[in-house]
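In: Need coordinates for the below:
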Amino acid sequence: MALAEITGLPKQIVEHYDAGGEVAYLYVSGYKLADLVFDLSMYALVDYGGTIGERQKADSTFEMDGYRLVTTKEVLYQAYGVRDFSYVLNITAHDKAGNLVAEVHDYKFAVTDYMDIVDSAVKNATIKGDRGMNLLLGGDGNDRLYGMRGDDRLEGGSGRDVLSGGLGEDTFHFLFLKDSTVKAPDVITDWQHEPGKNGTRDLIELDGIDANSKLAGHQEFDWIGAKKFSGHAGELRYEKTKSYTYVYADVTGDGKADFKIALVGSFKMYSDDFLI
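Out: Okay, the predicted model is just below:
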């Protein structure tokens with residue numbers, strides 16, 4: 001007699017399931033769940049890269065509770081540090097007489113990333129992310145934010161902050177003019193703008209700032225590239241030297257910068273580098 005199919009397993013799960021969390025309800029066609037006993041064995045398949053490649057690691061993140069697949073501990077995208085990994089499950093189902101009626105072998109699924117919020121109550125803090133997506137929040141001091149890996153979002157807050165996105169497509173978010181002033185601009189240390197369809201593209205987000213203080217409501221910036229300010233409020237421009245690139249904004253229309261960001265390195269900037 002052919003074995004039945006076990007269904008209901010997830011294709012992937014999002015991290016931060018707490019211990020005891022229900023990941024899936026399993027089903028076996030043609031059988032009542034109350035008449036079945038499920039057993040599970042598992043391991044993690046961790047990618048060490050290079051000549052080592054993928055290796056099996058003993059793991060017990062999941063267990064069976066009746067017909068429910070549940071967690072034994074919090075599920076983390078960073079469970080194996082910076083390594084990519086998948087969980088591999090082997091599950092059997094027996095009837096009350098002990099007969100094997102269904103099984104699934106080498107069922108593999110991944111843990112997907114969830115944006116973690118990382119901040120500090122300490123002034124002049126050093127705030128670091130991890131291999132996944134992070135929202136890094138600085139305060140009123142001169143903070144240092146390191147996104148590390150993943151597509152991170154960095155908000156330095158006020159003060160002269162140093163922002164390092166690390167790997168991935170990162171967003172540097174400025175909410176107010178005081179977040180990066182002309183006298184004490186924030187510094188982005190590792191701006192990435194790789195050309196092509198698959199190039200890595202960081203982003204500077206300014207859409208929360210009112211670009212024209214002379215008008216009521218909220219106004220968007222007008223990107224003018226490398227041109228000089230013309231005396232119209234709301235203009236956003238850049239200039240570069242051999243070692244730095246500077247982004248300036250004029251919100252009053254006096255032809256002078258009211259906001260400034262410094263990028264380490266000499267770059268050509270484009271309108272789509274900004275969310276305005």
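In: Residue 126 and residue 11, how far apart?
Out: 38 Å (C-beta to C-beta, to the nearest Å). Any C-beta I mention is one placed from the backbone N, CA and C, and that applies to glycine too.
In: Make sure I have this right: residue 23 is in a strand.
Out: Yes: counting by DSSP: H, G, I helix; E, B strand; the rest coil, residue 23 is part of a strand.
In: My understanding was that it contacts residue 12; is that so?
Out: No: using C-beta atoms under 8 Å, residue 23 is not in contact with residue 12; the gap is 10.6 Å.
In: When residue 126 and residue 11 are compared, which one has more neighbours?
Out: residue 126 (12 against 9; other C-beta atoms under 10 Å).
In: picking that back up, so which of residue 23 and residue 12 has more stuff around it?
Out: Neighbour tally, residue 23 and residue 12, criterion other C-beta under 10 Å: the higher count belongs to residue 23, 18 against 11.
In: Can you pull out the low-pLDDT segments for the stretch 151-276 of the chain?
Out: Where the stretch 151-276 of the chain drops to pLDDT under 70, the residues are 196-197.
In: Not counting sequence-adjacent ones, nearest residue to residue 123?
Out: residue 141 (3.7 Å; C-beta to C-beta, 6 or more residues apart in numbering).
In: Confirm that that neighbour sits in a strand.
Out: No: counting by three-state DSSP, residue 141 is not part of a strand but coil.
In: domain parsing for this structure?
Out: Residue ranges for the domains of the chain, per automatic domain parsing: 6-112, 116-275.
In: looking at those, which is buried most?
Out: Stretch with highest mean neighbour count among the domains of the chain: domain 116-275 (a mean of 18; mean count of other C-beta atoms under 10 Å).
In: Could you work out the end-to-end span of it for me?
Out: 22 Å (C-alpha to C-alpha, to the nearest Å).
In: Ok, stretch 219-228 next?
Out: 20 Å.
In: I would like the residues contacting that stretch, please.
Out: 206-207, 209-212, 230, 232-240, 249, 269, 271, 274, 276 (C-beta atoms under 8 Å, 6 or more residues apart in numbering).
In: Next step: these restricted to strands.
Out: 235, 236, 237, 238, 239, 240, 249, 274 (DSSP state E).
In: Now do the contacts for the residue most central in space within the chain.
Out: Computing the C-alpha centroid of the chain and ranking residues by C-alpha atoms, centre = their mean puts residue 133 first, at 1.9 Å. By C-beta under 8 Å, 6+ apart, the residues touching residue 133 are 113, 114, 115, 116, 150, 151, 152, 153, 168.
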